[in-house]
Each structure stands twice: as structure tokens, then as C-alpha cells.
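Enquirer: Predicted structure and sequence below. I'll ask about it afterward.
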Amino acid sequence: MSLLRRLIFEAGRRAAQNPEVRRTAARVAGEVYGKVAPRVENAGRHVLESARETSAEGRLTDDPIGFARRFRDRLLPPEDDRQR
């Protein structure tokens, strides 16, 4: 193991043993989760809704490539048609 890698692991190990660092990390993680969780849930709903709408237009087994394109276009509207 390289010297730098050993130093990084040792610093991480010592930080994990420090109660103050652990409290701060837990607080920061809670704040980040509170901000991110609604966005992740909204994105999940958007993916599910897009999949349902795409499957209503046609079956995956009939035209897999077309289905994937429709799903992609519904999920991520094209910003610039020249890129595709």
C-alpha cells in the first residue's frame, strides 16, 4: 500500500473515532437528506409516469428500439436534435 493511501486511511479511521466529527457528519447528512429526498422522490415519480405513458403508446416487445427512443424522449426532452 502506498504511503499516501496509508495516510488517507489512517486519517479517516481517526476521524471516525472522534465523537465530535461523527456528530457533525450526522448533522450534515441529515441536512443533505432533508434537501435531497423530495427531489429524488419526484424524479422517481417522473420516471414511473414516463414509463407508463410510453407503454400506453406501444408494447416493448413489439418494437424495443422504438420503445426505448420514445421513453428517452419522454423522460429527457431533446435539447438539440442535432446531438442525436
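Expert: That came through fine.
Enquirer: Most distant residue from the centre of this structure?
Expert: Residue farthest from the centre of the chain, counting by Cα atoms, centre = their mean, is L3 at 33.3 Å.
Enquirer: Next, the buried residues of the helix or strand harbouring S50.
Expert: Using DSSP states H and E, S50 maps to helix 19-57. Buried residues in helix 19-57, counted by 16 or more other Cβ atoms under 10 Å: 50, 54. (Each C-beta comes from the backbone N, C-alpha and C, glycine too.)
Enquirer: ok, V21 touching G12?
Expert: No. When contacts are counted by Cβ atoms under 8 Å, V21 is not listed as touching G12 (10.2 Å).
Enquirer: Which elements pack onto the helix holding S50?
Expert: Counting contacts by 3 or more Cβ pairs under 8 Å, 6 or more residues apart in numbering; DSSP states H and E, helix 19-57 packs against helix 64-75.
Enquirer: and with 10 Å instead?
Expert: Where contact means 3 or more Cβ pairs under 10 Å, 6 or more residues apart in numbering; DSSP states H and E, helix 19-57 is packed against helix 3-17, helix 64-75.
Enquirer: and the shortest one, what does it pack onto?
Expert: Under the contact criterion of 3+ Cβ pairs under 10 Å, 6+ apart, helix 64-75 touches helix 19-57.
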